[in-house]
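J.: Provided below are the primary sequence and the corresponding predicted coordinates.
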Amino acid sequence: MTSTAPEPVGVIPGGGSATRLAPLPCSKELLPVGFRQTSRGPRPKVIANYLVDGFRLAGARQVFWLIDRTKADIMQYFGSGADFGTRMAYVPTEASPSVVHTVDAAYAFLRDRHVLFGFPDIIFEPALAPRKLWERLQQRGVDVVLGAVPAPPEQIADRVDIGAEGRALQIRVKPADCPWHDAWILAAWAPRFTSFLHTWLQALQASPASDGVGAELYMGDVLQAAIQAGLSIEVETFQDGSFIDAGTPAGLEAAISRHGSSNGWSHSASTTVGVGETSHTTHGSVPPGRRG
């Protein structure tokens, strides 16, 4: 009996309120940054399209959008996904307190799936990074593979300490001062991690000490808990990679400046780009591990 190779699905958390860019005429994920080629000629390319492209290039034929009920414009724009080379499915959330809660809201759909995960307002290079994560996940048989790029010290983002053979030793969530140079921006994971996230969150919510989990949770928190629990987590580092957080005014300006030509987005990825955060408490699109 021949076993069928697993196929990844893309997962995009889109529950944030984009307070750092407010007021906006639409969801921040739909702000145009550059152009894409279509059968009708060049058309505006929205921020989230970069992540969708990365998932498609990695072989994900289905993408799950986890969106707040107020963001119906995302569903109207991407529709079935036919124009973007994937099938789109939408899981509504309502006032999700964190990206961890947002991902867990789709547990019934994801528990047996292999997941490619990214943030819709992070524009990353190289474009094939999700494919590299997916290939490593299959080859190594680990629970999680994180995609990381070097980030300047002033960039507030989750940092990962990488050991021998790319093993993730520890993750710190947006530390103010950290000797580690690599920030994770993408992930690929097997069903075991989805189950761990679900069980971990349930236990946290049931704990009397949590008092209903008032503090915001980040993906870095559950990844660190998974490391401590013995799950196998490795890191694929893109030394020449870069990312722009287009969820801030300065980041959006940088993204438009870099990708705003009709020629589309360059895949050369020769310069590291990172736009610093200003607060640990803002939500919407705080870099990796933020509100979903």
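T.: Sure thing, it's come through.
J.: any weak-confidence spans in the stretch 1-150 of the chain?
T.: Applying pLDDT under 70 to the stretch 1-150 of the chain flags residues 1-3.
J.: Residue 69 against residue 90, yeah?
T.: No. Residue 69 lies out of contact with residue 90 (C-beta atoms under 8 Å); the separation is 10.2 Å. From N, CA and C alone the C-beta is placed, and that goes for glycine too.
J.: Tell me which of the two has more neighbours.
T.: More neighbours surround residue 90 than the other of residue 69 and residue 90, with 15 against 10 (other C-beta atoms under 10 Å).
J.: Bridged to the residue nearest the centre of the chain, which residues?
T.: Geometric centre of the chain, nearest residue: residue 118, 1.7 Å, by C-alpha atoms, centre = their mean. Taking DSSP bridges as the rule, residue 118 bridges to residue 186.
J.: quick one: it from residue 185, how far?
T.: Residue 118 sits 7 Å away from residue 185, going by C-beta to C-beta, to the nearest Å.
J.: for residue 216, same thing?
T.: 19 Å.
J.: Those two: who's more crowded?
T.: residue 185 (26 against 18).
J.: what about the nearest residue to the more buried one once chain neighbours are set aside, helix or strand, and which?
T.: Spatial nearest neighbour of residue 185, chain neighbours left out: residue 243 (5.0 Å); criterion: C-beta to C-beta, 6 or more residues apart in numbering. Assigned by DSSP states H and E, residue 243 belongs to strand 242-245.
J.: What residues of whichever helix or strand comes after that strand count as buried?
T.: Where DSSP H and E defines the elements, the next helix or strand beyond strand 242-245 is helix 249-259. Within helix 249-259, the residues scored as buried using 16 or more other C-beta atoms under 10 Å are 251, 252, 254, 255, 258, 259.
J.: for stretch 168-178, same thing?
T.: The neighbour-count check on stretch 168-178 (16+ other C-beta under 10 Å) flags 168, 171, 172, 173, 174, 178 as buried.
J.: JSON lines for those residues, including secondary structure and distance to residue 110?
T.: Listed next are those as JSON lines, based on DSSP: H, G, I helix; E, B strand; the rest coil; distance: C-beta to C-beta, whole Å:
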{"residue": "168", "secondary structure": "strand", "distance to residue 110": "21"}
{"residue": "171", "secondary structure": "strand", "distance to residue 110": "21"}
{"residue": "172", "secondary structure": "strand", "distance to residue 110": "26"}
{"residue": "173", "secondary structure": "coil", "distance to residue 110": "22"}
{"residue": "174", "secondary structure": "coil", "distance to residue 110": "25"}
{"residue": "178", "secondary structure": "coil", "distance to residue 110": "30"}
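J.: Please identify which of those is nearest to residue 225.
T.: Relative to residue 225, the closest of the buried residues of stretch 168-178 is residue 171; by C-beta to C-beta it sits at 9.5 Å.
J.: Much appreciated, bye for now.
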